[in-house]
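1. compute the structure for the input listed below.
(chains A, B and C)
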Amino acid sequence: MKRRSILWFREDLRLDDNPALVEAAKDSEVIPVFIWSEGSNWPMGAASRWWLHHSLLSLDASLRLHGSRLILRKGNPLDELHAILRETGAQRICFNRRYTPFGLQQDAKVENALKNDRSDVHVFSNYLLFEPWTIKNKSGAPFRVFTPFWKACLAEHIHQRSCIAPSEWTSPPLWPKSLAIEDLALLPKLNWANRWLEFWSPGERGAQSQLKHFIENAFFQYDQARDLPSVQGTSRLSAHLHFGEISVRKIWDSIHQAAEKKQIAPATWQKSQFITELGWREFAYHLLHHFPETPHSPLKPAFDSFQWNENKDWQTAWQKGKTGFPIVDAGMRELWQTGWMHNRVRMITASFLVKDLLQPWQMGARWFWDTLVDADLASNTLGWQWSAGCGADAQPFFRIFNPVLQGEKFDADGTYVRKWVPELSKLPNVWIHKPWKAPDAVIQNAGVELENDYPRPIVRHEIAREVAMEALRKIKPA
DNA sequence: TTTTGAGTTGTTCGA
DNA sequence: GTCGAACAACTCAAA
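-> Numbering: from 1, shown residues only, chains lettered A, B, ... in the order given. Okay, here's the model as predicted:
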């Protein structure tokens, strides 16, 4: 009898460069399975669930082209895997490792339990370029500064061999029972995400075409364009990467090839800003692994004593994009309307919440977690702690962004603000980032009535900055 | 052990 | 408008 293998999909919703699939298909019938489970202390946010819903549909469609299909289950993963083993008589289970503290822990439990039951378990690594526990500084401790971390990574040999999907594989004579996608209830109940398919193409095919598009149109201009939120200068691969619709190795390889074609040396393209961004993703997982409390606690303990000034009205204004600062409001509305926000604007809105409004960074992190289609525990944590100044790169005094300056610098012609804050669209460029300073006649001409059509600023930045500086000075050293 | 240089993406002030 | 220095201050990483 031919071997029978369960291929357990999680954050690797693709067929290409999927070592677990290659192993599962080796001389074996393949049973692809996805198990929806909500046991984690960071249950998936609403926007990510929307993405997952569509990604699973896409994965099932790809599998069906191979005469296969995706078996959907929900509940405790170990129980479900046991049930499927019983139902199908499979003897092997293959999966790719996850790297959140919860994911690693759960996978270890599952792996041990299954091995104890004499199942044949194969676990692979391909979510990251480097295992978080292999990179160490000269004292053998984890890095807390990005630059030496990434330098140490690049000095390592990168195993960049991708594997390709088996051209065909066999299916079992009978499929185990599967839920319908609707049974997982992943889509939001409100009609919040209805238009998102206009913005995004979840799934492996969408991921690959986005990568191609990025390399052809934006990679070589990344340094100049990545900071401009009105321009498609970034990769927009984050959600695809998070769900493993494309592997980071595949991205690395593709850029390698494109650079080679232009005769750009490895030493050069490996130092490019975009590759460095991949490095930040590695660093985020490095930190999350070594400091698993950081999704809710500051890496720098001194910040435990920081005096926040919780204010529900301000939090709501920030969430809804009604702070009176156009660049902040544009970002928050882009987030709400598309499930995504440009990276530059993530920094601006985060700095504003934490420094200008003195709201706890954890509150912002939770909001992003729920509303971003690319929500990733490692990157979200790193980003918020960086903005708050309590993380791996503590320069809190230097990181109080001026929302007007940032707007004028990175959205000079106001295109981004006009798109997401249309009530200001008729304001001339000079005033687009500071409508409260515009002369009455200009405001009237633009058809805006401050307070009714668009709020006045909920704080004065110059004062808020001083207050934040004072609060930062008061932090007691740990 | 001590010292030294440096740290993703800033802002403000004064010349 | 542009430029460089100062801001305020600490910890990390390596020599």
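
2. around DNA strand B, pick out the residues from the stretch 1-150 of chain A.
-> For the stretch 1-150 of chain A, the contact set with DNA strand B under Cβ under 7 Å from any atom of the strand comprises A:145-147. In short, each C-beta sits where N, CA and C put it, glycine included.

3. what's the closest of these to A:Ser425?
-> Proximity of these to A:Ser425 (Cβ to Cβ) peaks at A:Phe146, which lies at 38.5 Å.

4. for that closest one, which non-adjacent residue is spatially closest?
-> Spatial nearest neighbour of A:Phe146, excluding adjacent residues (Cβ to Cβ, 6 or more residues apart in numbering): A:Phe283 at 5.3 Å.

5. would you show me how to pick out the buried ones of the residues of the stretch 1-150 of chain A next to DNA strand B in ChimeraX?
-> Applying 16 or more other Cβ atoms under 10 Å to these leaves a buried subset, and the ChimeraX line that selects it is:
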select /A:146
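
6. relative to A:Pro172, which of the residues of the stretch 1-150 of chain A next to DNA strand B is nearest.
-> A:Phe146 (47.0 Å).

7. what's the average pLDDT for stretch A:115-131?
-> Stretch A:115-131 carries an average pLDDT of 95.

8. how many neighbours does A:Ala330 have?
-> 30 (other Cβ atoms under 10 Å).

9. rewinding a little: among the residues of the stretch 1-150 of chain A next to DNA strand B, which ones are in helices?
-> The helices, defined by DSSP state H, take in A:146-147 from these.

10. closest to A:Arg366 out of the residues of the stretch 1-150 of chain A next to DNA strand B?
-> Nearest to A:Arg366 among these, with distances taken as Cβ to Cβ, is A:Phe146, at 24.5 Å.

11. check contacts around the closest one.
-> Applying Cβ atoms under 8 Å, 6 or more residues apart in numbering, one finds that A:Phe146 lies in contact with A:279-280, A:283, A:392-393.

12. what pLDDT is listed against A:Pro396?
-> At A:Pro396, pLDDT is 77.

13. next, it: phi, psi?
-> Per-residue torsions, A:Pro396: phi -60, psi -30 (degrees, to the nearest 10).

14. tell me who's in contact with it.
-> So A:Pro396 contacts A:388-390, A:472 (Cβ under 8 Å, 6+ apart).

15. next, format those residues as CSV and append pLDDT and neighbour count.
-> Below are the contacts of A:Pro396 laid out as CSV (pLDDT from 0 to 100; neighbours: other Cβ atoms under 10 Å):
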residue, pLDDT, neighbour count
A:Ala388, 92, 27
A:Gly389, 90, 25
A:Cys390, 91, 23
A:Leu472, 89, 16
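
16. looking at those, which are in helices?
-> Per DSSP H, the contacts of A:Pro396 map to helices at A:388, A:472.

17. now the contacts of A:Pro396 as a markdown table including distance to A:Val110?
-> Supplementary listing: the contacts of A:Pro396 in a markdown table, determined by distance: Cβ to Cβ, whole Å:
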| residue | distance to A:Val110 |
| --- | --- |
| A:Ala388 | 35 |
| A:Gly389 | 38 |
| A:Cys390 | 34 |
| A:Leu472 | 44 |
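
18. reformat the contacts of A:Pro396 as a markdown table; add distance to DNA strand B.
-> Shown next, in a markdown table, are those (distance: Cβ to the nearest atom of the strand, whole Å):
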| residue | distance to DNA strand B |
| --- | --- |
| A:Ala388 | 12 |
| A:Gly389 | 11 |
| A:Cys390 | 13 |
| A:Leu472 | 12 |
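
19. would you mark the buried spots in the strand or helix carrying A:Ser62?
-> For A:Ser62, the element it lies in under DSSP states H and E is helix A:46-64. By 16+ other Cβ under 10 Å, the buried positions in helix A:46-64 come out as A:46-56, A:58-60, A:62-63.

20. these: which two are farthest apart?
-> Using Cβ to Cβ, those reach their maximum pairwise distance at A:Ala46 and A:Leu63, which is 26.2 Å.

21. so what's the residue count around A:Ile164?
-> If we define neighbours as other Cβ under 10 Å, then A:Ile164 has 11 of them.

22. er, A:Lys312 actually
-> A:Lys312 - counted by other Cβ under 10 Å - has 8 other residues nearby.

23. kindly report the same for the one 5 residues further on.
-> Counted with other Cβ under 10 Å, the burial measure for A:Ala317 works out to 20 neighbours.

24. was I right to think it contacts A:Thr323?
-> Yes - A:Ala317 is within contact range of A:Thr323, at 5.2 Å (criterion: Cβ atoms under 8 Å).

25. shared neighbours of the two, anything?
-> In contact with both A:Ala317 and A:Thr323: A:455, A:458, using Cβ under 8 Å, 6+ apart.

26. residues near A:Lys426, how many?
-> 14.

27. helix, strand or coil: sort out it for me.
-> For A:Lys426, the assignment made with DSSP: H, G, I helix; E, B strand; the rest coil gives coil.

28. state the distance from the closest residue to DNA strand B within chain A to A:Asn137.
-> Closest to DNA strand B within chain A is A:Thr147: 3.2 Å, counting by Cβ to the nearest atom of the strand. A:Thr147 sits 12 Å away from A:Asn137, going by Cβ to Cβ, to the nearest Å.

29. likewise for A:Trp192?
-> Where A:Asn137 is concerned, A:Trp192 sits at a distance of 44 Å (Cβ to Cβ).

30. neighbour-wise, which of those two wins?
-> The residue with more neighbours, out of A:Trp192 and A:Asn137, is A:Trp192; 16 against 13, by other Cβ under 10 Å.

31. is it true that that one lies in a strand?
-> No - assigned with three-state DSSP, A:Trp192 falls outside any strand and is coil.
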